[in-house]
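Peer 1: this is the structure alone, sequence omitted:
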């Protein structure tokens, strides 16, 4: 099993296709934490996130067995896309997403000194600010919310986001732009204090 840790994703996929079930276990364990974190950010429920992770792995297993995995060198993004689609399907079945009109302001919500400067005295205020901002993200239209979550909570590049969501990089960038405009409008509407100096 330890020797498998040094193998590439594609080598492990190949071994799994040839009948080595431990190869898939090694492959999935590499990304389990990151995929689970992404799902948890989207659904905000640990039990539901675990269910989605399990469902994602079942789909990965079935897809590889059927020969549907063809994205050489992009296994992680393929798995995240499967998880992403499962979550989006869940939201489409169970939720409605409010929209807000566009507006503009002159500050960057995610590049504020408020989030960069950390000290013990401000810790409680910072946690509340993060919570308030995260709640506002939930009010965004679904396509904008996805980009914000993938970029700022999942740490993915716009190229990676475009690949996962099956859109062009320009579309992903445009969705982020409108998400920020809408978040700024929501900050005003709900009188959220982000303590910009």
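Peer 2: It's in. No experiment lies behind these values; they were computed from the predicted model shown.
Peer 1: break this structure into its domains for me.
Peer 2: For the chain, automatic domain parsing gives the domain ranges 2-94, 113-189.
Peer 1: which positions in the helix or strand containing residue 187 come out as buried?
Peer 2: Using DSSP states H and E, residue 187 sits within helix 169-189. If you call a residue buried by 16 or more other CB atoms under 10 Å, then helix 169-189 has these buried ones: 171-173, 175-176, 178-187. For the C-beta atoms, the positions are set from N, CA and C on the backbone; glycine is no exception.
Peer 1: worst average pLDDT in the domains of the chain?
Peer 2: For these, the bottom mean pLDDT is recorded on domain 113-189, which sits at a mean of 80.
Peer 1: distance between it and the chain's centre?
Peer 2: Put simply, domain 113-189 sits 11 Å off its chain's centre (CA atoms, centre = their mean, to the nearest Å).
Peer 1: middle-most residue in this structure, spatially?
Peer 2: Centroid-nearest residue in the chain, with CA atoms, centre = their mean: residue 150, separated by 3.5 Å.
Peer 1: which ones are touching that residue?
Peer 2: Each residue near residue 150 by CB atoms under 8 Å, 6 or more residues apart in numbering is listed here: 38, 84, 156, 160-161, 164-165.
Peer 1: tell me the one among those residues nearest to residue 66.
Peer 2: Using CB to CB, residue 84 is the member of these that sits closest to residue 66, with 19.9 Å.
Peer 1: how many neighbours does residue 68 have?
Peer 2: 12 (other CB atoms under 10 Å).
Peer 1: sorry, that was for residue 144
Peer 2: 24.
Peer 1: going by secondary structure, the residue nearest to residue 175 when sequence neighbours are not counted is in what exactly?
Peer 2: The shortest distance from residue 175 to any non-neighbouring residue, by CB to CB, 6 or more residues apart in numbering, is to residue 147 (4.4 Å). Of the helices and strands defined by DSSP H and E, residue 147 is found in helix 142-148.
Peer 1: re the thing from before, adding distance to residue 31 and neighbour count, write the contacts of residue 150 out as TSV.
Peer 2: Below are the contacts of residue 150 laid out as TSV (distance: CB to CB, whole Å; neighbours: other CB atoms under 10 Å):
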residue	distance to residue 31	neighbour count
38	10	27
84	13	25
156	13	20
160	13	19
161	17	25
164	13	23
165	18	19
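Peer 1: tell me the first helix or strand C-terminal of the helix ranked longest in the chain.
Peer 2: When the chain is parsed with DSSP state H, its longest helix is helix 21-43. Following helix 21-43 in sequence order, the next helix or strand is helix 46-65 (DSSP H and E).
Peer 1: ok, and what's touching that next one?
Peer 2: 13, 16-17, 24, 28, 32, 35-36, 39-40, 43, 69, 79, 82-83, 86-87, 90.
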